[in-house]
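Trainee: just to be clear, the model below is a prediction. Sequence and coordinates:
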Amino acid sequence: MIKKYQFSSLLGIVSFLTLSCILTACFSPWQGEEGTIIIRFGDSMSGARAAAFNSSSEKWVSETISYILPGLEHRITLKRSTETKTQTLAKGVTSGKFVVASGSWEVTVEALYEGVQFAVSSAHAEVTGGKTNLVSLLMKPGDTAFYTVGTGEWDGTVAEIISAGSGKKHCIILIGNNDATGSAIANATFGLADSVTIVGKHTISLTGTGYMLVTRSGQTLTIKDVQLKGNINNTNDLVRISNGTFIMEGSSSIYGNRTTSHGGGVYLDGGTFTMNGGAIYGNYAEGNGGGVYVSGGTFTMNGSTIYGNTAVSLGGGVCVGGGRFYMQGGTIYGVNEADASLRNASTSGTTNPAHALYAVNPNSATVGVTLIGSETGRIDNTIRVVNGKWQ
């Protein structure tokens, strides 16, 4: 059953958490005009409720958010004209403490699930020496719709998000493995949605042929700890980034796909692709770029691995045919690895086939701080960047 947690005053849904903020300002010869702000959370979080949408019955029901509440962490921000202080509390921590100068401060508390805003509230506070101020915040719904998606519910969730229209933010929480039918046309998977974040340590498998995920211009798509499994009999790249933003976080992976063109795993033809974690492996391209092909836009690799991919032409791991590639961290494995399963490979049979990386145009790629491209951009051996330095 797809459960959609949609927060909207227009629908008459009330969801709140209560925060008690005790603000204490003190003055002494040692502290000057500094005061201490202590923000404490009450017990009401455990009973927080929200609206769950059952797509089969199309009825709104009230249900305890068992998947969201245990994963919430809180970010507290104190702000005034020239100064900002931020503190992110670990899950389960119920208070935060700041020492600040006296005066006017804006206090904002956000409840975050995997970095996505679930609820938020703010208040104005006056910190004065020797005075204690008590401020109570009523947490208000954030601007993101949350979905818990069990096995067999992927396609239905995609349709639900498309029907929500433009300018909306969504967070999909996978609670089971799913199959995706794919699309033969490179239309945006989630329609006009402003952003979609997919989280959960589960696998989405492509059962047909076509694209699994496609971004549109201005859209941000993020996967965190999610495994995207392709189809070895496919004819398209698994993820197509078209003038949007695609971000990989945590232990996410893109693997096991085949294309008759370029980019076995990911094809970037505009916009941005950022790898902050995870891996791209075991993909096959009959053209260039077994793992990733860049024809436009910017690909930034901050800390991740690309391995075990194959291109019939050039760039077994990555091929930069256009746009820009910045490798600031992580590893792209080459033909020199002792473990054959890690090797990216080109089967073109040409001299210097760029098993790991092929940057076609001059200065089209930066590895660490080194500009490469054209003939210097044909790299066969493993490329490893640690702390911004090419090892």
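Mentor: Structure's in. What do you need? Residues are numbered from 1 along each chain as shown.

Trainee: only C-alpha atoms from now on, for both contacts and neighbour counts.
Mentor: Will do.

Trainee: distance from stretch 175-187 to the middle of the chain?
Mentor: 18 Å (CA atoms, centre = their mean, to the nearest Å).

Trainee: what about that stretch, start to end distance?
Mentor: 26 Å (CA to CA, to the nearest Å).

Trainee: the bottom helix or strand of the protein by mean pLDDT?
Mentor: Scoring the helices and strands of the chain by mean pLDDT, DSSP states H and E places strand 59-64 at the bottom, with a mean of 32.

Trainee: got the contact list for the helix or strand that that strand is followed by?
Mentor: Towards the C-terminus, the helix or strand next in line after strand 59-64, according to DSSP states H and E, is strand 72-80. Here strand 72-80 makes contact (CA atoms under 8 Å, 6 or more residues apart in numbering) with 84-92, 96, 104-114.

Trainee: what does stretch 305-316 give?
Mentor: With CA under 8 Å, 6+ apart as the test, stretch 305-316 has contacts from 264, 277-291, 317, 330-334, 341-348, 353-358, 378.

Trainee: now the buried members of these.
Mentor: Using 16 or more other CA atoms under 10 Å as the burial test, these include 264, 277-291, 317, 330-334, 342-346, 348, 353-358, 378 as buried.

Trainee: tell me where the model's unsure across the chain.
Mentor: Residue ranges of the chain with pLDDT under 70: 1-32, 40-67, 129-135.

Trainee: let me see the domain layout of it.
Mentor: 3-141, 145-390 (automatic domain parsing).

Trainee: out of those, deepest packed?
Mentor: Per residue and on average, the most neighbours among those fall to domain 145-390, with a mean of 22 (mean count of other CA atoms under 10 Å).

Trainee: for that one, how far is the first residue from the last?
Mentor: End-to-end distance for domain 145-390, by CA to CA: 41 Å.

Trainee: repeat for stretch 174-189
Mentor: Stretch 174-189 has an end-to-end distance of 17 Å (CA to CA).

Trainee: tell me which stretches of this protein form helices.
Mentor: When secondary structure is read from DSSP state H, the chain shows helices at 154-163.

Trainee: so what's the most centrally placed residue in the chain bridging to?
Mentor: Geometric centre of the chain, nearest residue: residue 222, 3.1 Å, by CA atoms, centre = their mean. Applying DSSP bridges to residue 222 gives these bridge partners: residue 197, residue 247.

Trainee: how near is residue 101 to residue 89?
Mentor: 22 Å.

Trainee: whoops, I mixed them up, residue 282
Mentor: 38 Å.

Trainee: swap in residue 320?
Mentor: Distance check for residue 320 against residue 89: by CA to CA, it reads 40 Å.

Trainee: please apply the same query to residue 192.
Mentor: Note on residue 192: its distance to residue 89, by CA to CA, is 34 Å.

Trainee: for residue 191, same thing?
Mentor: Distance, residue 191 to residue 89, using CA to CA: 35 Å.

Trainee: repeat for residue 216
Mentor: The gap separating residue 216 from residue 89 is 34 Å, by CA to CA.

Trainee: do the same with residue 369
Mentor: From residue 369 over to residue 89 the distance is 35 Å, taken as CA to CA.

Trainee: residue 391 too?
Mentor: In this view, residue 391 and residue 89 are 36 Å apart by CA to CA.

Trainee: and residue 254, by the same measure?
Mentor: Here the criterion is CA to CA. By it, residue 254 lies 31 Å from residue 89.

Trainee: check residue 350 too.
Mentor: 54 Å.

Trainee: cool, and residue 387?
Mentor: 27 Å.

Trainee: same deal with residue 244?
Mentor: In terms of CA to CA, residue 244 sits 31 Å off from residue 89.

Trainee: which residues are in contact with residue 68?
Mentor: For residue 68, the contact set (CA under 8 Å, 6+ apart) comprises residue 113.

Trainee: now do stretch 330-339: distance to the chain's middle.
Mentor: Averaging C-alpha positions (CA atoms, centre = their mean) puts stretch 330-339 26 Å from its chain's average.

Trainee: what's the span of that stretch, first residue to last?
Mentor: Stretch 330-339: ends 18 Å apart by CA to CA.

Trainee: list of residues touching that stretch?
Mentor: 301-308, 317, 342-345, 355-357, 380-386.

Trainee: what's the answer for stretch 260-268, then?
Mentor: The contact list for stretch 260-268 (CA under 8 Å, 6+ apart) reads 230, 234-242, 254-258, 280-281, 283-299, 309.

Trainee: kindly recompute the last result at 6 Å.
Mentor: With CA atoms under 6 Å, 6 or more residues apart in numbering as the contact definition, stretch 260-268 has outside contacts at 235, 237-241, 257-258, 283-294.

Trainee: alright, calling it a day.
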